[in-house]
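>>> predicted model follows, preceded by the sequence.
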Amino acid sequence: RRHAARSRRPHARLRPTQRHTMFGLSAGALKLRRPHARLRPTQWAMIVIAATTLASAVFLALPRSDETAVAEPAGQSTPDRKANTGDHGRESPTPGTKATTYHHPGWIADENAKPGTAAWHIPDDPKMWSKIRGYANVTSIDHGGSFTLYVESPEAPWHVEAYRMGFYGGTGARLIWTSSPQPPVRQSPPVVDPTTNMREARWDPVLVVHTDDGWPPGQYLLKLVSGDGGATFVPVVVRDDDSPAPLLMQSAVTTWQAYNDWGGSSLYSGTGGRAKIVSFDRPYNGNGSGEFLGREFELIYFIERLGLDVTYWTDIDLHERGELLLRRKAIVIGGHDEYYSTAMRRALERARDNGVNIAFLGANNVFRKIRLEPSPLGSTRRQVNYRDPKLDPMRGKNDAEVTVEWRAAPSNEPESSLTGSYYECNPVKADLVISDASAWMFEGTGVRNGDRWPNAVGNEYDRVTPGVPTPANIQILAHSPVTCKGKRSFADMTYYSAPSGAGVFNAATFWLIPALDDACLAGPAEGPPCQIQKMVDNLLRTFSSGPAGIVHPSVPNANQFGIELNPATG
């Protein structure tokens, strides 16, 4: 589940050996240009006075930096306050106000017309990643707010480069802000909770970053760069809770954290066994980007390439402020959004039942139940997942919050009642086989029934499964033969319309997302990647326009594939 950053250039892909970034720090020393000249003491005094005066004048004329060294005790969080700064840290003529320049439908296209850069890339080099690490005290911040960075760079000075991710002419990002140089900093080893095997950094805070009008809302990768050749990422979303954008892109940070084994354990494995609780108060292992690259980046790249009016948040925001989803026409969930609290699932169901479209562009979504609990840095910074109900201390006290699979007792709410299909197995690699080319999202793709998209099913998949809660009007768009762990089955891409008029799409595979950054110059007929892009284009534009099920009600067809839905569960 480790994904490498890839170069984004128009119409070009780089080979794995070419996916790299060159780092360099230049330094120069001031030299006395007349090495043999000697100055009298009075001349030295005049030079010092003049230099001091000039330096003072230059300092007063310089723009103020919007980042501040932190002097607060370790473990304290920085309030979500509005910054009194303008572009790149300069003082704002309207202090404390929220930008309104991002509240018109064309701003995404305008933003992506600005010069981008490929300098955000980090090579696949664990030695580089190990030289500098960091995390933020938030997964997202509302536009104009502040966040704190916790960084370790023990051997060398370092700085931060903030990149907003998007299309930007194929480069994939725009450099928004660069910090001033910071001194080396050494942090303490992770703290281990012996009861749950949780690993938590509990580092000293080192830098407060204030966002302002120069930080457009979006998904950011903060690139930490050390003077000894180290580099890693810290992902942060800059939200715009007041945005009228119809489309909302959600990052699945709870799943990223579940697989994060920094410090020695994840929700899957670890020294002394798997953890029952994982903390957001620690860096992501690997290059620090979580599961963003290869799971979500390509989708953001594609959405912004289309210039769609979009805003961003994480699934932690779905938990904390899920009511804001009702302001949107559609939510897009890319990649892998497996770990859901009760509040997260209820917010998504409530949105669907109020006409908000949902596009699941991955697989294995809403599968495991979690609780979110406080850490020293915030109220939702620890993610609880015992899996075995007998181990969960909530058992017998509040069975509705026991952390098991959603389909298992005591929850007994399979994900299929929301997503449309039922997670079945991994790993798998198979062709995706179109089964209902007449469906509206295939318009203009040129696909026909039986057409194959090579290796588009994997590495996990969902299926329309008899006997489990499934919308009775489920429409199977692709019915793809697979063999997983020796068992033959099918992966089913689906769509259904809810009574509210909302449309719910489920790709049921992870491997549509990587096709979204291919260059398609001759239209959909060029090949499967371009057909996939046209399908997703149709889907996003229609979902952004309002309840898709009103215009495009699903056409039930499960019985054509020998799947008999149980009326009691359909």
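Everything's here; your move.

>>> can you tell me the closest non-neighbouring residue to Asp392?
Tyr386 (4.0 Å; Cβ to Cβ, 6 or more residues apart in numbering). Any C-beta I mention is one placed from the backbone N, CA and C, and that applies to glycine too.

>>> measure how buried the one you found is and give me the count.
When neighbours are defined as other Cβ atoms under 10 Å, Tyr386 has 21 of them.

>>> try Thr101
Around Thr101 there are 10 residues (other Cβ under 10 Å).

>>> wait, it sits on Trp107?
Yes - Thr101 is within contact range of Trp107, at 6.8 Å (criterion: Cβ atoms under 8 Å).

>>> where does the prediction get shaky in the stretch 51-200 of the chain?
Applying pLDDT under 70 to the stretch 51-200 of the chain flags residues 51-100.

>>> from Thr117, how far off is the nearest residue to Gly134 once chain neighbours are set aside?
Closest residue to Gly134 apart from its sequence neighbours, by Cβ to Cβ, 6+ apart: Val151 at 3.9 Å. Noted for Val151: a distance of 22 Å to Thr117, by Cβ to Cβ, to the nearest Å.

>>> between the two, which one's more packed in?
Neighbours were counted for Val151 and for Thr117 using other Cβ under 10 Å; Val151 has more, 25 against 16.

>>> state whether the more buried one is indeed within a helix.
No - applying DSSP: H, G, I helix; E, B strand; the rest coil, one finds Val151 to be strand, outside a helix.

>>> spit out the contact partners of it.
Ile132, Arg133, Gly134, Trp158, Gln182, Val185, Gln187, Trp203, Val206, Leu207, Leu224 (Cβ atoms under 8 Å, 6 or more residues apart in numbering).

>>> rerun that using 10 Å as the cut-off
Residues counted as contacts of Val151 (Cβ atoms under 10 Å, 6 or more residues apart in numbering) are 132-136, 158, 160, 182, 185, 187, 203-207, 222, 224, 226, 232, 234, 283.

>>> name the element the residue nearest to Pro216 when sequence neighbours are not counted belongs to?
What sits nearest to Pro216 in space, not counting adjacent residues and going by Cβ to Cβ, 6+ apart, is Glu111, at 5.5 Å. Per DSSP states H and E: Glu111 is located in helix 107-112.

>>> and if you look at Ile303?
helix 297-306.

>>> likewise for Leu539?
Taking DSSP H and E as the definition, Leu539 sits inside helix 528-543.

>>> quick check: angle from that helix to helix 297-306?
Interaxial angle, helix 528-543 versus helix 297-306 (axes from the mean of the first three to the mean of the last three Cα atoms, to 10 degrees): 70 degrees.

>>> quick one: average pLDDT of helix 528-543?
Mean pLDDT, helix 528-543: 97.

>>> surely the residue nearest to Pro216 is in contact with Gly214?
No - using Cβ atoms under 10 Å, Glu111 is not in contact with Gly214, being 11.8 Å away.

>>> quick one, phi/psi of the residue positioned nearest the centre of the chain?
Nearest to the mean C-alpha position of the chain, counting by Cα atoms, centre = their mean, stands Ser251 at 3.6 Å. Main-chain torsions, Ser251, degrees, to the nearest 10: phi -90, psi 140.

>>> so how far is Phe297 from it?
10 Å.

>>> what touches both of those two?
Gln219, Glu291, Gly334, Gly335.

>>> just those: which are in helices?
When the shared contacts of Ser251 and Phe297 are checked against helices using DSSP state H, none is located there.

>>> do a quick rundown of the helices in the chain.
Under DSSP H, the chain gives helices at 41-61, 107-112, 126-129, 253-259, 297-306, 315-321, 342-352, 416-419, 528-543, 548-551.

>>> any idea which of the ones you listed is most buried?
helix 253-259 (a mean of 25; mean count of other Cβ atoms under 10 Å).

>>> so what secondary structure elements neighbour that helix?
Other helices and strands packing on helix 253-259, by 3 or more Cβ pairs under 10 Å, 6 or more residues apart in numbering; DSSP states H and E, are strand 231-239, strand 277-279, strand 310-314, helix 315-321, strand 339-341, strand 368-375, strand 378-384.

>>> reformat those as CSV; add mean pLDDT and distance to Phe510.
CSV is the format used below for the helices and strands packed on helix 253-259 (pLDDT from 0 to 100; distance: least, Cβ to Cβ, whole Å):
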stretch, mean pLDDT, distance to Phe510
strand 231-239, 98, 19
strand 277-279, 98, 21
strand 310-314, 98, 19
helix 315-321, 98, 17
strand 339-341, 98, 16
strand 368-375, 98, 16
strand 378-384, 98, 21
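
>>> among those, which comes closest to Asn412?
strand 368-375 (11.0 Å; Cβ to Cβ).

>>> dump that closest one to PDB, restricted to CA.
Included here for strand 368-375 are C-alpha records, laid out as PDB according to Å, rounded to 0.1, in the frame of the first residue of the first chain:
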ATOM      1  CA  ARG A 368     -14.800  -1.400   9.600                       C
ATOM      2  CA  LYS A 369     -16.400   0.500  12.500                       C
ATOM      3  CA  ILE A 370     -14.300   2.800  14.600                       C
ATOM      4  CA  ARG A 371     -14.600   5.300  17.400                       C
ATOM      5  CA  LEU A 372     -12.700   8.600  17.500                       C
ATOM      6  CA  GLU A 373     -11.300   9.600  20.800                       C
ATOM      7  CA  PRO A 374      -9.300  12.600  22.100                       C
ATOM      8  CA  SER A 375      -5.500  12.900  22.400                       C
END
